[in-house]
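# I'd like to go over a predicted model; first the sequence, then the structure.
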Amino acid sequence: MPRYRCGGTVQPVIDLADAQRHVMEHCPVLPARGAPLREAVGHVLAAPVTASESVPPFANSAVDGYALVASSVSSASVASPVVLPVVGEVAAGAHTERVLQTGEAIRIMTGAPVPAGVDAIVMVEDTERLDGGNSVAVRTSIDVGAAIRAAGDDVREGELLYEAGTQITGAVAAVLASVNARSVLVTRRPRVAVLSTGDELVDDGGQLAPGQIRESNRTMLLALVADAGCDAVDMGSVRDDEAALERVLRDAASSCDAIVTSGGVSMGDYDVVKAVLSRIADMSWMQIAIRPAKPFAFGLLSAADGREVPVFGLPGNPVSSLVSFELIARPALRQMAGHLEPRRPTVDAVADAPIRRRPDGKIHFVRVTARFGDDGRVHVQPVGAQGSHQLSATSLANGLAAVPDGDGVAVGGTVRTILLSLG
């Protein structure tokens, strides 16, 4: 693993792509496991799934109406309906042994099996019930096959349904249930430990003493980890005590697949996080050519069982912490979960307001609100304050506009934008 040293040595500034590549290379996909279907929702398939049954398993009605032989009503119209005797009825979940003859009709409900002899179904809206239901007037002609769902019309037995890497959404789970896939092989969802450090942090609701602040980064990161599809594990706030921090980190490594911390990754002379991680883990301390979130740390901490557990050291400023999580930690965690495309979608958006900046050799990730315009394109404009400590404005952003080095983007200009969400 390349080493970007900390302490008194100046850390080289590296490109974002290099930092991302380095992290992704050390965050392999987790092992697969079998899971009952309902517990598998949200996971990613670790193997292809082939249909063991056809869907639907039998020809069935697409409407409530009357099953018949299409030629029986070839002359039917509103002005001159054709009257047929109703010789039976079949509801969803039932069936009939009756073989329909030309000139007869069977009342049928949506989803019910199509009786033998039937080649079309007329919807109830095009009929009139007569003689207490013993006969029906059909007011339209219909084609052979009308309103009949053929067996296997949705899925055929033996068909490849989903490739490995497919996320199991509610709709995917429904399809798997329809072919009797009661359990599936999925990539194990990463358990991610989240912790904060610092004597200044207060999270017990008590009064603030001089120099203290409310804990917020851990609260944010727990939510971001969960939103990424991982199981977030709250390891609490740890005081600035090396022995205590080492104990928490080793406990996290023994029970989790990755660790996320915030703070202690900048160029300061001393920090407990830096001191402990430099001693117990193989760390890279980076300065990335972006703003915010220039400082970032990544490394591997050996667990007692021999696993190498990734450690993501995010900056302490809340906006920097959020941005570095989105750019680097989130894609890596989703790769570990088996996602084939772990990054968020990125689009060329139209700037509805000027996005100003000064040249400094960095890419600026400006927090923006994004929306679809009447032209079908995504339009963005910066949220309020853009300081790395000013989270309140950033909290309403749903995009990160990547503004290249230079003077910024004028109104109407195009800016590459990562979509965090798009309502």
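Happy to help now that I have it. Numbers count the residues shown, from 1 in each chain.
# partners of the helix or strand harbouring residue 285 in the sheet?
Following DSSP states H and E, the helix or strand that holds residue 285 is strand 282-288. Strands that pair with strand 282-288, judged by DSSP bridges, come out as strand 13-14 (parallel), strand 295-302 (antiparallel).
# from these, which stretch is densest packed?
Among the strands paired with strand 282-288, strand 295-302 has the highest mean neighbour count (mean count of other CB atoms under 10 Å), at a mean of 22. Any C-beta I mention is one placed from the backbone N, CA and C, and that applies to glycine too.
# can I get the strands paired with strand 282-288 in CSV with distance to residue 374 and mean pLDDT?
Output for these, formatted as CSV (distance: least, CB to CB, whole Å; pLDDT from 0 to 100):
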stretch, distance to residue 374, mean pLDDT
strand 13-14, 41, 94
strand 295-302, 39, 97
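# how about those strands in a markdown table, adding distance to residue 225?
Written out in a markdown table, the entries for the strands paired with strand 282-288 read as follows (distance: least, CB to CB, whole Å):
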| stretch | distance to residue 225 |
| --- | --- |
| strand 13-14 | 25 |
| strand 295-302 | 16 |
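# of all those, which one is nearest residue 84?
Distances from residue 84 to each of these were compared using CB to CB; the shortest belongs to strand 295-302, at 74.7 Å.
# contact partners of the closest one?
When contacts are taken as CB atoms under 8 Å, 6 or more residues apart in numbering, the neighbours of strand 295-302 outside the stretch itself are 1, 19, 22-23, 26, 249-250, 253, 259, 265-267, 274, 277, 280-288, 308-315, 320, 324, 328.
# over to stretch 407-423?
Applying CB under 8 Å, 6+ apart, the contact partners of stretch 407-423 are 326-327, 343-359, 365, 368, 370-372, 378, 380, 397-403.
# now, the residues you listed that are in strands?
In strands, defined here by DSSP state E, the members of these are 346-351, 355-356, 365, 368, 370-372, 378, 380, 399-403.
# filter the residues you listed to the buried ones?
347, 349-351, 355, 365, 368, 370, 378, 380, 399-403 (16 or more other CB atoms under 10 Å).
# which pair in those spans the largest distance?
Comparing every pair within those by CB to CB identifies 350 and 365 as the most remote, at 17.8 Å.
# can you tell me what sits against the worst-scoring helix or strand of the chain on mean pLDDT?
Taking mean pLDDT, DSSP states H and E as the measure, the helix or strand of the chain with the lowest value is strand 201-202, at a mean of 73. Outside strand 201-202, the residues within contact range by CB under 8 Å, 6+ apart are 208, 212, 213, 214, 215, 237.
# tell me which helix or strand comes right after that strand.
Moving toward the C-terminus from strand 201-202, the first helix or strand encountered (DSSP H and E) is strand 213-214.
# what packs against the helix or strand that that following strand is followed by?
The element immediately downstream of strand 213-214 (helix or strand, assigned by DSSP H and E) is helix 217-227. Contacting helix 217-227 under the criterion 3 or more CB pairs under 8 Å, 6 or more residues apart in numbering; DSSP states H and E are the following elements: strand 191-197, strand 231-238, strand 258-262, helix 318-324.
# swap in 10 Å and give it another go.
Contacting helix 217-227 under the criterion 3 or more CB pairs under 10 Å, 6 or more residues apart in numbering; DSSP states H and E are the following elements: strand 191-197, strand 231-238, strand 258-262, strand 308-314, helix 318-324, helix 330-336.
# by how many degrees do the longest one and strand 191-197 diverge?
Inter-element angle recorded for strand 231-238 and strand 191-197: 20 degrees (by axes from the mean of the first three to the mean of the last three CA atoms, to 10 degrees).
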